[in-house]
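A.B. asks: no sequence for this one, just the structure:
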Ligand SMILES: NC(=O)c1ccc[n+]([C@@H]2O[C@H](COP(=O)([O-])OP(=O)(O)OC[C@H]3O[C@@H](n4cnc5c(N)ncnc54)[C@H](OP(=O)(O)O)[C@@H]3O)[C@@H](O)[C@H]2O)c1
Ligand SMILES: *[C@@H]1O[C@H](CO)[C@@H](O)[C@H](O)[C@H]1NC(C)=O
Ligand SMILES: *[C@@H]1O[C@H](CO)[C@@H](O)[C@H](O)[C@H]1NC(C)=O
């Protein structure tokens, strides 16, 4: 009884065949890496005082992928760590490392975008990025705080991103925090198409179907906040156990038991799950112990059976930790789990109607 599965498989192959040829990198910029490395180092909220050492240590320990962003306000320190590792490790070159950064909301207009990527390159002390992402599907008016910019569409911003590839400033471009309909908008119009979509996904916000859909389209999924609510800005804010005790993912009894069974730490088991579903995971740490522990996951020390994956699937809380939509007055993730819930009454009761 295979028809439905074979139909799905064939559909996925056709979609891949259609989508893949359009995902063009920049052939003027070469790399020793065939694809984005499956475990990367996150840098959001990494202390400015610690991140240079963390990046240097990580690269020496074997990390080959750094996830940065202009808005993290530590790209210069991240760059210092990168330069230090390159300088002190003869066998390591820029081409061995994957570097991602992101275009901030206030920089979607062409002039601002070009200046922003230049600033990022200067801060990171590199000539080009491997991947540049539209950080959010939201444009702010330059120099006007978070005032929304209605004059630039997502397609306008994508055209600007394509030009950054043509200008030899980045090998690939991609998106972050897009709803499905926003991804579709880009896929319909792109000439240089997204290499990857970086979004929040972890055992408490699994989005399995959305993840699979990207694979079918030939796009990589980069899973951010792989440890769920462990990021201290999220911690304890959403997760309730039976309406009573709050718990964090890395202390969840289900995961503690699973990790014991796998003879790994809970963090390694959670990262192993992300790799099992073929997402790229980018755990942040500035602790040497954690950096080493997390990198071990890349060796696939933890694997899961189909039955275990199904069991984990049942524990999906569909809880989003990172949603600035209300603060910005934008409906984010509108066709995904746990979207922004704008208070429409307030918005429309304001004399707009
Ligand atoms: N595109 C976007 O909009 C977006 C949004 C959010 C995040 N991101 C990216 O994704 C990266 C990762 O996400 P995240 O920083 O939100 O959260 P995360 O990586 O899921 O969790 C980070 C937290 O986990 C701790 N930790 C790390 N390894 C650990 C281990 N082995 N055992 C116990 N605790 C551990 C870290 O503390 P220590 O430092 O003390 O180890 C830190 O408090 C970010 O840094 C950023 O690069 C992108
Ligand atoms: C990009 O690099 C290639 C190869 O070095 C070069 O031929 C081309 O002129 C460059 N393009 C721009 C816009 O600098
Ligand atoms: C469990 O992991 C530890 C540390 O990685 C290792 O030394 C030990 O041999 C492992 N035990 C089993 C039963 O695999």
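C.D. replies: Cool, the structure landed. Keep in mind that this is a model prediction, so the values were computed, not measured. Residues are numbered from 1 along each chain as shown. Ligands and ions are numbered 1, 2, ... in the order given.

A.B. asks: What segments of the stretch 251-353 of the chain are helices?
C.D. replies: When assigned using DSSP state H, counting those that start in this stretch, the helices of the stretch 251-353 of the chain occupy the ranges 253-262, 266-276, 288-296, 306-313, 325-328, 344-348.

A.B. asks: Can you lay out these as TSV showing mean neighbour count and mean pLDDT?
C.D. replies: Heads up, the C-betas are built off the backbone N, CA and C, glycines and all. Below are the helices of the stretch 251-353 of the chain laid out as TSV (neighbours: other Cβ atoms under 10 Å; pLDDT from 0 to 100):
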stretch	mean neighbour count	mean pLDDT
helix 253-262	15	98
helix 266-276	23	98
helix 288-296	17	98
helix 306-313	12	98
helix 325-328	15	96
helix 344-348	9	49
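
A.B. asks: Mind putting those helices into CSV with distance to residue 157?
C.D. replies: CSV is the format used below for the helices of the stretch 251-353 of the chain (distance: least, Cβ to Cβ, whole Å):
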stretch, distance to residue 157
helix 253-262, 38
helix 266-276, 28
helix 288-296, 32
helix 306-313, 35
helix 325-328, 16
helix 344-348, 24
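
A.B. asks: Could you dump those into JSON lines with distance to ligand 1 added?
C.D. replies: Conversion of the helices of the stretch 251-353 of the chain to JSON lines gives the following (distance: least, Cβ to the nearest ligand atom, whole Å):
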{"stretch": "helix 253-262", "distance to ligand 1": "11"}
{"stretch": "helix 266-276", "distance to ligand 1": "3"}
{"stretch": "helix 288-296", "distance to ligand 1": "4"}
{"stretch": "helix 306-313", "distance to ligand 1": "17"}
{"stretch": "helix 325-328", "distance to ligand 1": "12"}
{"stretch": "helix 344-348", "distance to ligand 1": "24"}
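
A.B. asks: Looking at the ones you listed, spot the one closest to ligand 2.
C.D. replies: helix 288-296 (33.2 Å; Cβ to the nearest ligand atom).

A.B. asks: Which residues does the closest one contact?
C.D. replies: Residues outside helix 288-296 that contact it (Cβ atoms under 8 Å, 6 or more residues apart in numbering) are 39, 41, 54, 57-58, 61-63, 265, 267-268, 271, 283, 285.

A.B. asks: Can you tell me which of these are buried?
C.D. replies: Buried residues within the contacts of helix 288-296, counting neighbours by 16 or more other Cβ atoms under 10 Å: 39, 41, 54, 57, 58, 63, 265, 267, 268, 271, 283, 285.

A.B. asks: Can you tell me which of the residues you listed is nearest residue 330?
C.D. replies: Nearest to residue 330 out of the buried ones among the contacts of helix 288-296 is residue 283 (Cβ to Cβ; 27.6 Å).

A.B. asks: Low-confidence ranges, the stretch 101-250 of the chain, go.
C.D. replies: Applying pLDDT under 70 to the stretch 101-250 of the chain flags the ranges 235-246.
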